[in-house]
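>>> here is the input, now give the coordinates:
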Amino acid sequence: MRGDRDVLVIHDERMLAHNPAASDPYLPGRLDRRVREILAGLAVQWNYPEHPGRLAAITTLLDQEPVPGTRFQSARPASREELGRVHTATHLRDVNKLRGQHAWLDVDTTAISPGSLEAAEVAAGAAILAVEAVVTGRSQHAFALCRPPGHHAETARARGFCLFNNVAVAAAHAQAELGCERVLIVDWDAHHGNGTQDIFWASPDVLFFDTHRASPFYPGSGDLEEIGAGLGEGTTVNVPLPAGAGDQAVIKAFEEILVPAADWFRPDLILVSAGFDPHRLDLCLNMSYDGLAALTGIVQRLADQHCQGRLALVLEGGYHLESLARGVHSVLGVLAGGEAPEPAEPGIDEVAAATAFHLNAFKAL
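I've put the predicted structure just below:
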């Protein structure tokens, strides 16, 4: 039952300081005129979707409907050394030059505001804290409420709302400092985690499993044939899905592909890039709250089986505020010991009730 397991939720107000605006100038300057032309051609006003209201929606719901077994802690910024385990010195130097500025980094949806660099360092630090908590036994499970998100950030490039790759920084920290030899990263965000794949492409010690909406959906990567290279060949597992895919398809992928992959890999730690844009209200895939909770139950079961329950989740996407907040709440309920549901096809129970209501009216006298 809920409350049987201890779950550390990491939240830090400094992550709210990342607040880009569509009116900010682009860098380099030659991009600005072209991007302005694109935005001017839109039928509606475009605003930056990855905004502080995302975390506010989550924490407001958790205040209103607390999940027994959860407790909160703030984070610390990740150090240059910790970020440098997965990002190049050039990337870190170039991004740091923009500290305190309003700017768009490229045409690919990545922007900063004066508080963004500190927010991104704290987000990566929150992911590190989540890993430290579960590996040292200070908490059975942990969920880092990170923003900006991270799974699109590549070794040498900020991309897709992401400045630093939070889950990759956490995985590298677990291996470098906490004695974890094999780390399983599960990414259930609706968008492919291209950055995480890029960083661990040739690593035999990180198994990356990703369900996502198939190309050409952003970022356009994650085909079945992308399986890693060199010593890491076979440790990248992609499951691209059509737009209408929902609970049953994603759960089937987890049960029939992830479970045997984890049994083969035998991880010391499981990390989840937990995006909530697969929920149907976000219009990317067609999952429900029960479906997201069921995925949580699967990875929790794998963590119990293979790595003494060491399971840490890191927030990625999710831009519909209701489904983001309610989805996080549903996931925390399972992490804290609640029973993982078995999702039903939407409408089946309602049709059964309607059948019971109407059927007698059509029976012959």
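>>> going forward, measure contacts and count neighbours with C-alpha atoms only.
Fine.
>>> I would like the residues contacting the helix or strand hosting L8, please.
Assigned by DSSP states H and E, L8 belongs to strand 7-10. Outside strand 7-10, the residues that touch it by C-alpha atoms under 8 Å, 6 or more residues apart in numbering are 69-75, 126, 129-130, 133, 139-145, 332, 335-336.
>>> ok now it, how far from the chain's centre?
Counting by C-alpha atoms, centre = their mean, to the nearest Å, strand 7-10 is centred 15 Å from the centre of its parent chain.
>>> same check, this time on stretch 231-245
16 Å.
>>> likewise for stretch 184-200?
Per C-alpha atoms, centre = their mean, the centroid offset for stretch 184-200 relative to its chain is 9 Å.
>>> out of the contacts of strand 7-10, name the ones that lie in helices.
A126, L129, A130, A133, L332, L335 (DSSP state H).
>>> what sits against the third one?
With contacts defined as C-alpha under 8 Å, 6+ apart, A130 is in contact with L8, I10, A142, F143, A144, A312, L313.
>>> kindly recompute the last result at 10 Å.
7-10, 73, 75, 138-139, 141-145, 170, 271, 311-314 (C-alpha atoms under 10 Å, 6 or more residues apart in numbering).
>>> the fourth one too?
Counting by C-alpha under 10 Å, 6+ apart, A133 makes contact with V7, L8, S139, Q140, H141, A142, R310, L311, A312.
>>> so can I have JSON lines of those showing distance to L184?
As requested, the contacts of A133 are exported to JSON lines (distance: C-alpha to C-alpha, whole Å):
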{"residue": "V7", "distance to L184": "19"}
{"residue": "L8", "distance to L184": "20"}
{"residue": "S139", "distance to L184": "19"}
{"residue": "Q140", "distance to L184": "17"}
{"residue": "H141", "distance to L184": "15"}
{"residue": "A142", "distance to L184": "15"}
{"residue": "R310", "distance to L184": "11"}
{"residue": "L311", "distance to L184": "10"}
{"residue": "A312", "distance to L184": "11"}
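>>> just the residues you listed: which are in strands?
Under the assignment DSSP state E, the contacts of A133 contribute V7, L8, H141, A142, L311, A312 to strands.
>>> picking that back up, buried only: go through the contacts of A130 for me.
7-10, 75, 139, 141-145, 170, 271, 311-314 (16 or more other C-alpha atoms under 10 Å).
>>> for the stretch 1-150 of the chain, which segments count as helices?
When assigned using DSSP state H, counting those that start in this stretch, the helices of the stretch 1-150 of the chain occupy the ranges 30-40, 53-64, 80-83, 89-96, 116-136.
>>> could you dump those helices into a markdown table and include mean pLDDT and distance to W188?
Below are these laid out as a markdown table (pLDDT from 0 to 100; distance: least, C-alpha to C-alpha, whole Å):
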| stretch | mean pLDDT | distance to W188 |
| --- | --- | --- |
| helix 30-40 | 54 | 30 |
| helix 53-64 | 96 | 18 |
| helix 80-83 | 98 | 23 |
| helix 89-96 | 96 | 26 |
| helix 116-136 | 98 | 17 |
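>>> among those helices, which is the most enclosed?
Compared across the helices of the stretch 1-150 of the chain, helix 116-136 shows the largest average neighbour count, a mean of 26 (mean count of other C-alpha atoms under 10 Å).
>>> tilt between it and helix 89-96?
130 degrees (axes from the mean of the first three to the mean of the last three C-alpha atoms, to 10 degrees).
>>> alpha carbons only: can I get helix 116-136 in CSV?
In CSV, the C-alpha atoms belonging to helix 116-136 read as follows (Å, rounded to 0.1, in the frame of the first residue of the first chain):
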residue,chain,number,x,y,z
SER,A,116,19.0,29.3,-16.8
LEU,A,117,22.6,28.2,-16.3
GLU,A,118,22.2,27.9,-12.5
ALA,A,119,18.8,26.2,-13.0
ALA,A,120,20.4,23.7,-15.4
GLU,A,121,23.3,23.0,-13.0
VAL,A,122,20.9,22.5,-10.2
ALA,A,123,18.8,20.2,-12.4
ALA,A,124,21.8,18.0,-13.1
GLY,A,125,22.7,18.1,-9.4
ALA,A,126,19.2,17.0,-8.5
ALA,A,127,19.6,13.9,-10.7
ILE,A,128,23.0,13.2,-9.0
LEU,A,129,21.3,13.5,-5.6
ALA,A,130,18.6,11.1,-6.6
VAL,A,131,21.2,8.5,-7.6
GLU,A,132,23.2,9.0,-4.4
ALA,A,133,20.1,8.6,-2.3
VAL,A,134,19.1,5.2,-3.8
VAL,A,135,22.7,3.8,-4.0
THR,A,136,23.6,4.7,-0.5
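>>> figure out how far it is from the centre of its chain.
For helix 116-136, the distance to the chain centre is 14 Å (C-alpha atoms, centre = their mean).
>>> that older thread, most widely separated two among the ones in strands among the contacts of A133?
Taking C-alpha to C-alpha as the measure, the ones in strands among the contacts of A133 span a maximum distance of 10.9 Å, between L8 and L311.
>>> setting aside sequence neighbours, what's the nearest residue to I199?
Once flanking residues are discounted, I199 sits nearest to T155: 5.8 Å by C-alpha to C-alpha, 6 or more residues apart in numbering.
>>> so where's the stretch 51-200 of the chain shaky on pLDDT?
By pLDDT under 70, the low-scoring segments of the stretch 51-200 of the chain are 106-109.
>>> redo that, cut-off 80
Along the stretch 51-200 of the chain, segments meeting pLDDT under 80 span 104-109.
>>> for the stretch 201-350 of the chain, what spans make up the helices?
247-253, 259-265, 289-306, 321-335, 348-358.
>>> out of those, which is the most enclosed?
The most buried one of these (mean count of other C-alpha under 10 Å) is helix 321-335, showing a mean of 23.
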